[in-house]
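Student: Return atomic coordinates for the entry below.
(one chain, ligands or ions: 1)
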Amino acid sequence: MIPEKMMMLGKKSNSIRALFEYGKKRKAEIGEENVYDFSIGNPSIPAPAKVNETLIRMLNEKDSVALHGYTSNAGDTAVRSAIASNIKKRFGFDTDANHIYMTCGAASSLRISLNAIIMPGDEVILLAPYFAEYTVFAEDAGATCVIVSCTEGSFALDMKKLEEAITPKTKAIIINSPNNPSGVVLSENDIRQLSELLMRKQQEYSSDIFIISDEPYRELVYGGVSVPYIPCFYDNTIICYSYSKSLSLPGERIGYIMVSPRAKDDADVFFAVCGSGRALGYICAPSIFQYLVAECDGMTSDISVYDTNRKLAYDALNEIGYTTASPDGAFYLFIKTLEADSMAFCEKAKGYEILLVPGDDFGYPGWCRLSYCVTTDMIHRSIPAFKKLYDSYR
Ligand code: PLP
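Tutor: Numbers count the residues shown, from 1 in each chain. All right, here's what the predicted structure looks like:
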C-alpha cells in the first residue's frame, strides 16, 4: 500500500502546470504564434550579465572538487555571511550566518519553515488570493489552513476578518508581497497594522505567532514602490527568499530562509529549521549557485520589459471593459472573470486560445490570473482575442 494522499498529489498536478502542459500541446497543433499562453510565472528575461560572468569565472578559477562538493547542511558559512551583511546594507537589519539557511528556492524555504514550527493542532492563516502550493506545504507539515480573503478589487488586508480568524491555535500567517496572483504590494502602513494586531493577539493568547514572509518577488516592483522589510516591524518573522525571479534563475533552485534574530528563542527556531531541513532531506543547497548568489545577491534582472507588459496588459484589458487588480509588483495581472464560475470562464478563454489560470487555484474564485512574463508582442497580438472573449459575454 502507498499513501493515497501522496498518490493524489502526484496524479493531480495543479492547474497551472496542467494548463502549461495543455499550452505546449496546443502550440504543437496550431503553431506557437497562435496560442496566447499566460499560464505560468516563468521569468522571460535573462539573468543579469554578472550571473553568467560569475559562473564562467568560478568554473575557470575555483577548485573544481570544492565547487561541486557538499557544503555544510545549512549552506556555506561565507555565503550565509555575505547574504547577512547584504541584508544589513540593504534594509538596515542586523542578522548573521547563524540565522540563514540556504535552500532550493522559496518552495523548499516554505516547506522547511512550516515543518520547523508546526505542532499538532496548529493553524496557519493564508490570505486569499494565495500561491496554491501553500495549502500543500502547510497541510503536509500537519497544520490546518485558515483562509482569510483580502478585500475584493483592492486586494488589501481585511484587518477585521483577520482579527476574527486568529485563535490560540494560530501558529503562523503566510504573507506574500508583491503578491502572486494579485501583484499587490503591502505598504509600510499595512505591515505596521498587521504587526500591531499580531503582537496584541500574542499577548492575549500567550502564544507565538510567526509571520512567514514569502518573498520571491521582492525586487520585482514598478513605479518606485518600496517593499518594507518585515523583520524591521515584527520580531517573530521568518523570511523565505528565492532568487528564482529576481535573478531569473527558477531552474537552478536557490534561495534561503532567514530566521529573525529578534524572534523569540531565535536560536531554537533556527535549530528547528536546520532539523526540519535535515528531516526533509533539504540540505546542502546547490553549491555552485550558493557561491554565485553570494556575489549576485541584491541584483535584479532588467525588469523594464515586465513593466512595459504590465502597463500594456492593464491598459488594454481595462479599455476593453475588464476589471482588473492594479499591480505594483510581481508579473501577474488578476482579472475579474466575466461569469462567476472562473473555471468555466477560463475554459471559454481557451476557445480563443487564451490561457489563464482560474482564481479557484488561489482561493479566489470569480477572478483569474494572467502572467505577463511573456513577450510584449504576444500581449499585443492577444488583444483582439480578449476583445472577442469579452464580446461573447455581451
Ligand atoms: N511563492 C510564490 C508566491 C511563488 O509564486 C513561487 C513560484 O512561482 C514560489 C513561492 C516558489 O518559488 P521557487 O521557484 O523559488 O521555489
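Student: make it CA atoms for all contacts and neighbour counts henceforth
Tutor: Will do.
Student: Would stretch 368-375 count as contacting the ligand?
Tutor: No - figure legend: stretch 368-375 not in contact with the ligand (Cα under 6 Å from any ligand atom); closest approach 10.5 Å.
Student: in that stretch, what counts as buried?
Tutor: 368, 369, 370, 371, 372, 373, 374 (16 or more other Cα atoms under 10 Å).
Student: Could you dump the residues you listed into JSON lines with secondary structure and pLDDT added?
Tutor: Output for the buried residues of stretch 368-375, formatted as JSON lines (DSSP: H, G, I helix; E, B strand; the rest coil; pLDDT from 0 to 100):
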{"residue": "368", "secondary structure": "strand", "pLDDT": "98"}
{"residue": "369", "secondary structure": "strand", "pLDDT": "97"}
{"residue": "370", "secondary structure": "strand", "pLDDT": "98"}
{"residue": "371", "secondary structure": "strand", "pLDDT": "97"}
{"residue": "372", "secondary structure": "coil", "pLDDT": "97"}
{"residue": "373", "secondary structure": "coil", "pLDDT": "97"}
{"residue": "374", "secondary structure": "coil", "pLDDT": "96"}
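Student: Tell me the one of those residues nearest the ligand?
Tutor: Closest approach between those and the ligand, by Cα to the nearest ligand atom: residue 371, at 10.5 Å.
Student: now the helices: where do they sit in this structure?
Tutor: Remark: helices assigned in the chain by DSSP state H are 4-11, 15-30, 49-61, 64-67, 77-91, 105-117, 133-140, 159-165, 188-205, 266-280, 287-296, 304-320, 342-350, 376-391.
Student: With the ligand as the reference, measure out to residue 209.
Tutor: 20 Å (Cα to the nearest ligand atom, to the nearest Å).
Student: I'd say that residue and residue 171 touch.
Tutor: Yes - between residue 209 and residue 171 there is a contact at 4.8 Å, judged by Cα atoms under 8 Å.
Student: In the record's domain split, what are the boundaries for this structure?
Tutor: 4-47+302-391, 70-296 (automatic domain parsing).
Student: and those domains as JSON lines, adding distance to residue 60?
Tutor: Below are the domains of the chain laid out as JSON lines (distance: least, Cα to Cα, whole Å):
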{"stretch": "domain 4-47+302-391", "distance to residue 60": "20"}
{"stretch": "domain 70-296", "distance to residue 60": "12"}
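Student: what about the helices of the chain, which gets the closest to the ligand?
Tutor: The ligand sits nearest to helix 105-117 of all the helices of the chain, at 3.5 Å, using Cα to the nearest ligand atom.
Student: And the average pLDDT for the closest one is what?
Tutor: In this model, helix 105-117 has an average pLDDT of 98.
Student: Give me the neighbour count for residue 59.
Tutor: Around residue 59 there are 14 other residues, counting by other Cα atoms under 10 Å.
Student: Give me the pLDDT value at the closest residue to it other than its chain neighbours.
Tutor: Among residues not flanking residue 59 along the chain, residue 67 sits closest, at 7.9 Å (Cα to Cα, 6 or more residues apart in numbering). Here, the pLDDT recorded for residue 67 equals 94.
Student: thinking residue 67 is in contact with residue 288, fair?
Tutor: Yes - if you go by Cα under 8 Å, residue 67 and residue 288 touch, sitting 5.9 Å apart.
Student: Residue 324 versus residue 184, what's the distance?
Tutor: Residue 184 sits 12 Å away from residue 324 when distances are taken as Cα to Cα, to the nearest Å.
Student: Need the residues touching each of these two.
Tutor: Jointly contacting residue 184 and residue 324 under the rule Cα atoms under 8 Å, 6 or more residues apart in numbering is no residue at all.
Student: Next, the buried residues of stretch 51-63.
Tutor: Within stretch 51-63, the residues that qualify as buried are 51, 54, 58, counting by 16+ other Cα under 10 Å.
Student: so where is the stretch 1-150 of the chain shaky, pLDDT-wise?
Tutor: For the stretch 1-150 of the chain, applying pLDDT under 70 flags no range at all.
Student: From the ligand, how far out is residue 239?
Tutor: The value you get for residue 239 to the ligand, if Cα to the nearest ligand atom is used, is 12 Å.
Student: cool, residue 363 as well?
Tutor: Residue 363 is 13 Å from the ligand, by Cα to the nearest ligand atom.
Student: Let me know the pLDDT of that residue.
Tutor: Listed pLDDT for residue 363 reads 96.
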